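A.B. asks: the following block contains a protein sequence and its predicted model.
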Amino acid sequence: MAEDGDAVALAGVRTTIGVVPMGDVGEVAVRIVAAHLQTVLGLPADVLERRPLGEASYVPDRRQHDAAKLIALLNACSAPWPHFKILAVVSVDLGVPILRFVFGEAQMGGRCAVVSGYRLRRNEDGTDAGLELYYERLAKVALHEAGHTLSLFHCEDPRCLMHFAASTKHLDRIRLFFCPRCAFLLKETLKHLGLSGRP
């Protein structure tokens, strides 16, 4: 369940998800993410102005950007933006200290999340995944991380959007919608916030 402070904060905020491209990520990928957020969650999504990625979140010895640092930077720069949630889309490799890599990261019940297409273009065997599969994977990761910002935890159902995917093989088994339990929890969270979504 979202915190009560979230409901209060909505008083002067548009109930729209802001999707922000950072760095050199493709515009089509960003628009596909926005379209899936809007369709599956039932909340409006805006594609925002492209922002530079910068080096503040870069970890040279891992040759990755630290996802948590990137979210902190996103929180700082997006503070004046009139959006309910902010989701950044990047094309660089993301990591966190306890994992070798992540497809995305979010603040549980928070405002910001980030997703990366870096590891989604290739299959487990090293072959090219093709654009259609790449976009589908990216949409799944974006919906998963958006779910975390809406207070959803990982789900045990291996086909649910909220199931943890450790690899693209796992990600490909997941469907583009929430299981009944997660859909119910999401609906309750949105109702608590005075919103009507579509889970």
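C.D. replies: Right, received. Where do you want to start?
A.B. asks: next secondary structure element downstream of the helix or strand bottoming out on mean pLDDT in the chain?
C.D. replies: One helix or strand of the chain scores below all others by mean pLDDT, DSSP states H and E: helix 4-9, with a mean of 36. Counting by DSSP states H and E, the element after helix 4-9 in chain order, helix or strand, is strand 14-21.
A.B. asks: now that next one: buried residues?
C.D. replies: Within strand 14-21, the residues scored as buried using 16 or more other Cβ atoms under 10 Å are 15, 16, 17, 18, 19, 20, 21. Heads up, the C-betas are built off the backbone N, CA and C, glycines and all.
A.B. asks: from residue 82, how far out is the third one?
C.D. replies: It refers to residue 17. Noted for residue 17: a distance of 12 Å to residue 82, by Cβ to Cβ, to the nearest Å.
A.B. asks: now swap in the fifth one and tell me
C.D. replies: Computed with Cβ to Cβ, the distance linking residue 19 and residue 82 is 14 Å.
A.B. asks: what of the first one?
C.D. replies: When distances are taken as Cβ to Cβ, residue 15 and residue 82 turn out to be 10 Å apart.
A.B. asks: next one: the fourth one
C.D. replies: Spatial separation of residue 18 from residue 82 under the definition Cβ to Cβ is 9 Å.
A.B. asks: burial count for residue 132?
C.D. replies: Taking other Cβ atoms under 10 Å as the criterion, the count of residues near residue 132 is 8.
A.B. asks: same question, residue 42
C.D. replies: 15.
A.B. asks: per-residue confidence for it?
C.D. replies: Predicted confidence (pLDDT) at residue 42: the value is 91.
A.B. asks: and it, backbone torsions?
C.D. replies: Backbone dihedrals for residue 42, given as degrees, to the nearest 10, come out at phi 80, psi 20.
A.B. asks: please begin residue numbering at 394 from this point
C.D. replies: Okay, using 394 as the starting number, the last item reads as residue 435.
A.B. asks: any figure for the gap between it and residue 512?
C.D. replies: Shown here: residue 435 relative to residue 512, a distance of 29 Å by Cβ to Cβ.
A.B. asks: what's the answer for residue 438, then?
C.D. replies: Taken as Cβ to Cβ, the spacing of residue 438 relative to residue 512 amounts to 23 Å.
A.B. asks: who has more neighbours, those two?
C.D. replies: residue 438 (23 against 16).
A.B. asks: the more buried one and residue 494, how far apart?
C.D. replies: For residue 438 relative to residue 494 (Cβ to Cβ), the value is 26 Å.
A.B. asks: and residue 556, by the same measure?
C.D. replies: 18 Å.
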